[in-house]
Each structure stands twice: as structure tokens, then as C-alpha cells.
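# Test case, fold it:
(chains A and B)
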There are 2 protein chains.
Amino acid sequence: MEKEGKTKSLAQIAADDIIKLIKDNNMEPGQRLENEYELAKRLNVGRGTIREAIRSLVSRNILEVRRGAGTFVSYKNGIPEDPLGLAFEGSDESLALDMMDVRLMLEPEIAALACVNATKEQIKNMMNVCDKVEKLIKENKPYRQEDALFHQMVAECSGNTVVKKLIPVITSSVQLNIGVTRDRYKDDTIIQHRNIAEAIVERDIYKAKYSMITHLNILRNGILENK
Amino acid sequence: MEKEGKTKSLAQIAADDIIKLIKDNNMEPGQRLENEYELAKRLNVGRGTIREAIRSLVSRNILEVRRGAGTFVSYKNGIPEDPLGLAFEGSDESLALDMMDVRLMLEPEIAALACVNATKEQIKNMMNVCDKVEKLIKENKPYRQEDALFHQMVAECSGNTVVKKLIPVITSSVQLNIGVTRDRYKDDTIIQHRNIAEAIVERDIYKAKYSMITHLNILRNGILENK
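Residues are numbered from 1 along each chain as shown, chains lettered A, B, ... in the order given. A predicted model of the protein is given here:
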């Protein structure tokens, strides 16, 4: 909203141009940009403007600067720290419950959508992560990161770009804010992840949806018990 | 995830301390912080560290610096620009549809939740905004901002903190990315907003939910026709 009517500074325009450059050239995270001098020449602005534009893109997690090596497309994909601005919000336990309720609004629908839209390639990737989570749990190793990745893979399968961006925001906010132990839910996690994955393979939207509800509701009950 | 195991710099610790200071003192947007010298003394760190901490909090939209006047709690409430990192994503039209699908996953449930949790004060605020949108539409004035505010008010009524943070993220991303005209939906907007508001007053969760679905689906059909 606030954007409407505001005039942009030279550095903001240059920042937009750099984003366009990255998009147009399909640059991937980790790829190096031209140096300041070349960018300034290409975008027809001063080097001070380029430096300011780069600084703002770094703070937006779109670029990263490695000293002596140059400026690179960031692996953070432009997703900011604390994207929901939860830094000021209440207790961790009540936030965890609110977050789980949001996941319960979104993820069952996402799983259903995945049954319709998943490509073979996406299904293969999801299956690999599903196997990996199971292996880690059985070996009694930490599996949180891969668990989050599984949910991310289901979101990728949905084919909805916004969902794809939203799920890591939600899972990262959860991990930022809570330390609810999931150790009690290891066996359930294996079973429900497997059910969700199978449902997507079988294009069975109700199996996908209700398996996701079952999975998340078990975790939700865990949060309620810890409160 | 990435946070785990990383050691924080002095400036990051100072930034966390400043956030804690704001929370503990219930400071509101627009309130002025102590100056650098006082903050450095209070947090027992150097002024260079404080300056770096403030810079990082400014880039996170938690603080704002007004030259000559001091450092203030930002009205942006720590919500970043482009919080979903959509800068790199596809065409505006397909993003608009994906965003609407996410709204359809969330907002009907939020409206239902509002029927259970809304306080009298929240209902009053929502009603005021509902009246304002209607007035603006009837006077043929721009009403986008107040329209978004109405949805924000319903989210406030839900009592879910994450939802409250998520809705402005979604509505601001939409406005960032699309210019789908809503002029054709003015009369529908008046009717459906009114239905949603009434449902929350009457604590009728199905009226709330299905009125929200009707409202958003009309807008969704508009996007489909524009594609």
C-alpha cells in the first residue's frame, strides 16, 4: 500500500534493475554479478548509487557480498529474516499453537493440490526426502531440517508459487520461536509422511488431505500438552 | 534452521537486546529510543556496536532513523518489504491467482475463527472499517487500502497472532504485484463485506466462512477472466 504514489530514489531504481538483470539472465543462487564498475556502466548510474543499491539488496537477502570475491545472488532467495515480524509477539508457546493452526489451514489443502499438480520429477524429489527423514529417525539422528524440507517438497508439488514461498516462511518462523520437542512423534511422523507421499503418487486428494490433518493434529496436541 | 549453532555477533546481540527493550517497555510505533550514547551505556557495549545494531534493525523495519530527530520504533512493525521474496517470481497474473488461492485457504477459516474469538472492541473497529469501505465505494472514491484494512480487521478478530501478521503480508504482496481492477466488483464487495461483518457479530461461523468464500471467489473469477 505504502508504495503507491511514492517516488523511488535512484538507488531503488538501480536495485529494481539489478533484480530484473538476475531474472532476465536466469541467474541462480551462488552466481556472481558483474563488478560495481560494470554494473554502473550497464545501468548508466554512478558507482555510489550502485553501492547503495547493492547494500539494500543485501539487506533484503537478495544479494550477498563476499569480501574480496565479489557480489553474488544469495542462497536466501530474497526471503528476509523473521518475515512475519514476529519479533515483538507474545509467548513462544501460544505462538507455536497459532502457527500450527495456520499450518492446519494451509497444508491439508496444499497436499490435496499436490495430487493434481505434482510432476514426476517433483514426486521423485519428495520421495527422496521422505526416505531420508525415515532413515534419520530410525538412526536416531536429528531430522528437523529434513522434516521441514519434506513439507517444502509437498508445497513444491502443489505448483502454487505463493505456497512454495510461504511454507519455508512458516516453518522457519516456527523454528525461530519454539523448541517443542517432537521426539515423541517420531513413529507417527514416519507413518504420516509416508501416507502423504503415497497419496500424492496415487493422486488421492482425500488421503493426502486427511493424512496431513492427522499428522499436524498429532503435533498440535503435543503443543497443547506442553502449554 | 540456519540460526541453529551459529554464534551471534556483538551487534546481533545488541539488536536482540534493543528488541527486548522495546517489548519490555511496551513501546509503540513512533516512540523515540534513547540516544546512541545512552543505549551503549545501558547495554554495556561500544557505540560502534550500537550503530551497527540500529542499522540492522532499520533494515528489518523495526526501527527508523529520522535525521536530527533520533531513532524511533518503526510504523512498519518489523514487517519487511516483499516478505515472501516474490521479487523473482513469474508473471503478475499467475501470481495473482496463486495468491488468491492462498487467501481462499486462509480467510474463510479466519472468518470462522473470528466468530468465536472477536472482542466487542474488535467488532466495533471492524464495523467502522466496513462502513468506511461502503461509503468510499458509494462516493466512487479509491477504497483499496480500506478494503485491505477490512480483511486485516477480520484477521484481528480471529485472535490468532500469526494470522494477524500473515494477512497484511499477503495483501501487501498482492498490491505489490498486481493491478487487477476491482471496479466491477464494487457492489459485490459492499454486500459480502457486510455479510462477513454481520456473521461475526452473530457468531455464525458458516455464514462467515461461506460469505468469505463467495467474496473471494468473485474476485478469483475476475482474475481468471483477465488472464
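
# what ranges do the helices span in chain A?
Under the criterion DSSP state H, helices of chain A are mapped to A:10-24, A:36-43, A:47-59, A:92-117, A:120-138, A:144-158, A:161-177, A:186-202, A:205-226.

# quick one, which of the ones you listed is nearest to A:Pro83?
Nearest to A:Pro83, of all these, is helix A:161-177, at 4.7 Å by CB to CB. (Each C-beta comes from the backbone N, C-alpha and C, glycine too.)

# Surely A:Lys186 and A:Glu139 touch.
No. A:Lys186 lies out of contact with A:Glu139 (CB atoms under 8 Å); the separation is 11.2 Å.

# Comparing these two, which residue is more hemmed in?
A:Lys186 (16 against 8; other CB atoms under 10 Å in any protein chain shown).

# Now do the same contact list for that one.
Counting by CB atoms under 8 Å, 6 or more residues apart in numbering or on different chains, A:Lys186 makes contact with A:Ile137.

# pLDDT score assigned to it?
On pLDDT, A:Lys186 comes in at 86.

# and it, how far is that from A:Val129?
Computed as CB to CB, to the nearest Å, the A:Lys186 to A:Val129 distance reads 16 Å.

# repeat for A:Glu121
In terms of CB to CB, A:Glu121 sits 13 Å off from A:Val129.

# More neighbours: those two, which one.
A:Val129 (20 against 10).

# contacting residues for that one?
Contacts of A:Val129 (CB under 8 Å, 6+ apart): A:Glu146, A:Leu149, A:Phe150, A:Met153.

# My guess is the third one contacts A:Glu134. True?
What that stands for is A:Phe150. No. A:Phe150 is beyond contact range of A:Glu134, at 9.9 Å (criterion: CB under 8 Å).

# how is chain A carved up into domains?
A:10-73, A:91-226 (automatic domain parsing).

# which one of the ones you listed is the most hemmed in?
Most buried of these by mean neighbour count (mean count of other CB atoms under 10 Å in any protein chain shown) is domain A:91-226; its value is a mean of 19.

# hang on, the earlier thing: worst mean pLDDT among the helices of chain A?
Of all these, mean pLDDT reaches its minimum on helix A:161-177 (a mean of 74).

# For the domains of chain A, give me CSV that also has distance to B:Ser74.
Below are the domains of chain A laid out as CSV (distance: least, CB to CB, whole Å):
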stretch, distance to B:Ser74
domain A:10-73, 14
domain A:91-226, 19
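
# nearest to B:Val73, of those?
Nearest of the domains of chain A (CB to CB): domain A:10-73, 18.6 Å.

# give the contact list for A:Gly46.
A:Ala40.

# can you tell me which residue is nearest the centre of chain A?
A:Pro168 (2.4 Å; CA atoms, centre = their mean).

# before we move on, the earlier item: and of the domains of chain A, who's closest to B:Leu97?
Proximity to B:Leu97 (CB to CB) singles out domain A:91-226 among these, at 8.8 Å.

# shared neighbours of A:Phe150 and A:Glu134, which are they?
A:His193.

# rewinding a little: which one, of the domains of chain A, ends up nearest to B:Glu28?
That would be domain A:91-226 among the domains of chain A, by CB to CB, at 20.0 Å.

# Show me how far that closest one is from its chain's centre.
12 Å (CA atoms, centre = their mean, to the nearest Å).

# Excluding chain neighbours, what is closest to A:Ile62?
Using CB to CB, 6 or more residues apart in numbering or on different chains and skipping the chain neighbours, the partner closest in space to A:Ile62 is A:Gly78 (4.4 Å).

# quick one, phi psi at that neighbour?
A:Gly78 adopts backbone torsions of phi 70, psi 10, taken as degrees, to the nearest 10.

# Check the one 5 residues further on too.
With angles defined as degrees, to the nearest 10, A:Pro83 sits at phi -60, psi -20.

# isn't it right next to B:Glu81, touching?
No. Contact between A:Pro83 and B:Glu81 fails when scored by CB under 8 Å: they sit 10.4 Å apart.

# confidence score at A:Gly70?
On the pLDDT scale, A:Gly70 gets 91.

# Nearest spatial neighbour of it, chain-adjacent residues omitted?
A:Arg32 (5.0 Å).

# thought the one you found was touching A:Arg66?
No. Contact criterion CB under 8 Å: A:Arg32 and A:Arg66 do not qualify, at 9.1 Å.

# what sits in contact with each of those two?
Shared contacts of A:Arg32 and A:Arg66, defined by CB under 8 Å, 6+ apart, are found at A:Phe72.

# residues in contact with A:Met27?
Contacts of A:Met27 by CB under 8 Å, 6+ apart are A:Leu21, A:Leu33, A:Val73.
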